[in-house]
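**Q** this is the structure alone, sequence omitted:
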């Protein structure tokens, strides 16, 4: 599934960053990578969201969130 | 060997918003702008300090997440580290967000230059009940010195400088991150090829790793045929392995991670609420302006009394000295009225900037980018473009410079085009004066409406540009949201003091000169000094524009002159009224009554006043802003087009307001 379909409060694991190259690079440098765990903290109807990743919060627009595929994290 | 004469060069490098600039300010005594949102420093800045007799040159760099070269900030920072003779890199790390920050650290360690880790924000770490193992951490980072500091509380600074002076020749030891075997093999192969072609290098491993990432800069500097070794970019693998290593570091060195981090999340559930986010933002802005007007007005009285006394004493003194009438007129009606009148608005300006400083330092600003993202993306910009616009409430000049943080030239120009519509602090005196003069108890509401109209105009114009220039996708929002923190007294004080100084400087320079020039054009005509102002140069120029301004309800030559003078600085519109009508204390109750009586003779009422405020809100920004815009866009024709465009918008809006207003009232 895509990250923008995620639900508030749930934990996910990134399976792929498919965004445009320039944005993908920025995401990678920010630590959003395959196998990275993320938590959706906040989400708006239009699809922008705030995620917690690697200890910090990132606000993402819908277009960027659509380029990140995730799967639900197994309970740890 | 004494190195006393040769300064040690130190570069502060770190993630955006990790406190580099606060630390830099603490060392150099400089007062650079600091705010709790990323991207404030856009250029490298230098300063000097010394420790135990060693002169030290310090360089502040823009915040970066990585040493690639995809953004302007990264290029500036990387150039600075690679090209200048940097003796030591102080890697500033936000200890409360180590996972993110250590990624850059690992890249810096690969450079093999001496690195000192400044663990900043230790106070926040302690507040949250987190603990960091300061013995294990350096062991895992190549035995570099790790110094806990708090830039805000100014603790640990001496220890940091001590480390600089004593470790500036020691690079990190050993290899910190060992990659997977197949990557290490590749690194070895590239290293061998590099050594063959270019001889021994200090940071061979770094070059090899960068080549595996297919880094353009390194490939340009050291071209090398690597077919068979590097077939595609290994960047992803390299990044992942670095982050894996960071996870190990964090697991071993950081304790009680999540204990209190929830505070920010709890605040965010209100401030970034999907529905209430925008109303809360508008409410916060309303509160800012409410404070600006009420508290500012409360303090204003003292300034007025002071000005009154000064003006009278000055006049008496001049008369006692037997100064000639024209000199008295120039000094009292021109300079004291013009400059003094502006000074009485200082309390309002002070409160406005105090409130903005609080907002910036608390961490709220970056949230506004998220809250406004949908509104902005409907007009073809990302929420990030809203940050410079917000700064525009303070002053257009830094706001225009802040657009550098935007990714594309297209977004920058669009944001620059609309930023001047955000009502800057220089326009505040105009509202304070005219809203109070004509709207009495509704003054506050009227003034707030102007801020909203400015914001609305900016968004509408962005929308029109977006629709006419095609619907390309905007650059999506991607911004780090800092933790909320209590605004730091020192940071806020520096910020506000700087703005107050700017205001005073402007009163002493631009407004001073404008007042003198205005006095001369008012008192001189084609035939020399005139007794009746209607024969002066000013009246002649003003009358020329009256027909154009008449439909907007601004059809008097005095208003035309005030608006032209306002191009030097918007406050000058107010000081011009003082000089034009010879009112010595325009911001006092007596001064306002006097001015409104004079204006009423020409039939100038509340509707005219509102049209005037609308015109002042929207028309061409001051010369300083225009100059900045020209520099930042690099285009004279674009800037000229913008100036004309804003004049036209202001005129249309003022005419609309005046014509409909006249029909209704």
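**A** Here it is on my side, so go on. From a predicted model like this one, the values you see are computed outputs, not experimental measurements.
**Q** now stretch B:63-74: mean pLDDT?
**A** In this model, stretch B:63-74 has a mean pLDDT of 79.
**Q** start and end of that stretch, how far apart?
**A** Start-to-end span of stretch B:63-74 (CA to CA, to the nearest Å) is 8 Å.
**Q** name the residues that touch that stretch?
**A** The contact list for stretch B:63-74 (CB atoms under 8 Å, 6 or more residues apart in numbering or on different chains) reads A:22, A:25-26, A:29-30, B:13-18, B:20, B:38-39, B:41-42, B:62, B:75, B:77-78, B:81, B:100, B:103-104, B:107-108, B:111, B:213, B:215-217, B:404, B:407. All C-beta spots, glycine's among them, are computed from the backbone N, C-alpha and C.
**Q** same thing but at 7 Å, please
**A** A:22, A:25-26, A:29-30, B:14-18, B:20, B:38, B:41-42, B:62, B:75, B:77-78, B:103-104, B:107, B:215-217, B:404 (CB atoms under 7 Å, 6 or more residues apart in numbering or on different chains).
**Q** what about those, which are in helices?
**A** Among the contacts of stretch B:63-74, DSSP state H puts A:22, A:25-26, A:29, B:20, B:75, B:77-78, B:103-104, B:107, B:216-217 in helices.
**Q** those: which two are farthest apart?
**A** Spatial extent of these (CB to CB) is set by the pair B:20 and B:216 at 25.8 Å.
**Q** which one's more surrounded, these two?
**A** residue B:20 (30 against 12; other CB atoms under 10 Å in any protein chain shown).
**Q** gap between that one and chain A?
**A** 16 Å (CB to the nearest CB, to the nearest Å).
**Q** dump the residue contacts of that residue.
**A** Residue B:20 touches B:12, B:14, B:60, B:63, B:92, counting by CB under 7 Å, 6+ apart.
**Q** for the residues you listed, which one is nearest chain A?
**A** Closest approach between the contacts of residue B:20 and chain A, by CB to the nearest CB: residue B:63, at 12.3 Å.
**Q** give the burial count for the closest one, as a bare number.
**A** Counted with other CB under 10 Å, residue B:63 comes out at 26.
**Q** how many residues are close by residue B:535?
**A** Residue B:535: 14 neighbours (other CB under 10 Å).
**Q** please apply the same query to the one 10 residues further on.
**A** Residue B:545 is surrounded by 17 other residues when neighbours are defined as other CB under 10 Å.
**Q** by contact count, what packs against the helix or strand containing it?
**A** In this structure, residue B:545 sits in helix B:537-549 according to DSSP states H and E. The contact analysis (3 or more CB pairs under 7 Å, 6 or more residues apart in numbering or on different chains; DSSP states H and E) places helix B:537-549 against helix B:512-523, helix B:557-565.
**Q** now the angle from that helix to helix B:512-523?
**A** 90 degrees (axes from the mean of the first three to the mean of the last three CA atoms, to 10 degrees).
**Q** coming back round to it: quick one: buried ones out of the contacts of stretch B:63-74?
**A** Buried by 16 or more other CB atoms under 10 Å in any protein chain shown: A:25-26, A:29-30, B:14-18, B:20, B:38, B:41-42, B:62, B:77-78, B:103-104, B:107, B:215, out of those.
**Q** distance of the nearest residue to residue A:17 once chain neighbours are set aside from residue A:32?
**A** Leaving out its chain neighbours, the residue that sits closest to residue A:17 by CB to CB, 6 or more residues apart in numbering or on different chains is residue A:24, at 4.8 Å. Distance of residue A:24 to residue A:32, given as CB to CB, to the nearest Å: 9 Å.
**Q** quick one: residue A:38 and residue A:14 touch, right?
**A** Yes: counting by CB atoms under 7 Å, residue A:38 sits close enough to residue A:14 to count as a contact (6.3 Å).
**Q** who touches both of these two?
**A** Shared contacts of residue A:38 and residue A:14, counting by CB under 7 Å, 6+ apart, come down to residue A:70.
**Q** ok, these two, which is more surrounded?
**A** The residue with more neighbours, out of residue A:38 and residue A:14, is residue A:38; 24 against 21, by other CB under 10 Å.
**Q** how about the residues of the stretch 351-500 of chain B by chain A?
**A** B:369-370, B:373-374, B:377, B:382, B:473, B:476-481 (CB under 7 Å from any CB of the partner chain).
**Q** ranges for the strands of the chain?
**A** You didn't pick a chain, so chain A it is. Remark: strands assigned in chain A by DSSP state E are A:11-17, A:37-43, A:49-53, A:56-60, A:68-72.
**Q** meant chain B actually
**A** Under DSSP E, chain B gives strands at B:8-14, B:45-51, B:54-60, B:88-94, B:115-120, B:131-132, B:146-148, B:254-255, B:478-481, B:524-525, B:528-529.
**Q** okay, the ones you listed in JSON lines with mean pLDDT next?
**A** Output for those, formatted as JSON lines (pLDDT from 0 to 100):
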{"stretch": "strand B:8-14", "mean pLDDT": "89"}
{"stretch": "strand B:45-51", "mean pLDDT": "82"}
{"stretch": "strand B:54-60", "mean pLDDT": "86"}
{"stretch": "strand B:88-94", "mean pLDDT": "92"}
{"stretch": "strand B:115-120", "mean pLDDT": "92"}
{"stretch": "strand B:131-132", "mean pLDDT": "90"}
{"stretch": "strand B:146-148", "mean pLDDT": "93"}
{"stretch": "strand B:254-255", "mean pLDDT": "85"}
{"stretch": "strand B:478-481", "mean pLDDT": "87"}
{"stretch": "strand B:524-525", "mean pLDDT": "87"}
{"stretch": "strand B:528-529", "mean pLDDT": "82"}
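**Q** turn those into TSV, including distance to residue B:624.
**A** Formatted as TSV, these follow (distance: least, CB to CB, whole Å):
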stretch	distance to residue B:624
strand B:8-14	29
strand B:45-51	21
strand B:54-60	24
strand B:88-94	32
strand B:115-120	34
strand B:131-132	46
strand B:146-148	41
strand B:254-255	47
strand B:478-481	28
strand B:524-525	27
strand B:528-529	32
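**Q** okay, now the unreliable bits of chain A?
**A** A:75-76 (pLDDT under 70).
**Q** now with 80, please.
**A** Residue ranges of chain A with pLDDT under 80: A:21-22, A:55, A:74-76.
**Q** who in it is up against chain B?
**A** Counting by CB under 7 Å from any CB, chain A sits next to chain B at A:22-23, A:25-26, A:28-31, A:33-35, A:41-42, A:44-46, A:48, A:50, A:54-61, A:63-64.
**Q** buried subset of those residues as a ChimeraX selection?
**A** Applied in ChimeraX, the following selects the buried portion of these according to 16+ other CB under 10 Å:
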select /A:23,25,26,28,29,30,31,33,41,42,44,48,50,54,55,56,57,58,59,60,61,63,64
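**Q** hang on, the earlier thing: report the buried residues of the helix holding residue B:545.
**A** So helix B:537-549, judged by 16+ other CB under 10 Å, has buried residues B:537, B:538, B:539, B:542, B:545, B:549.
**Q** which of those residues sit farthest apart?
**A** B:537 and B:549 (18.1 Å).
**Q** that older thread, do you know which of the strands of chain A lies nearest residue B:312?
**A** strand A:56-60 (56.4 Å).
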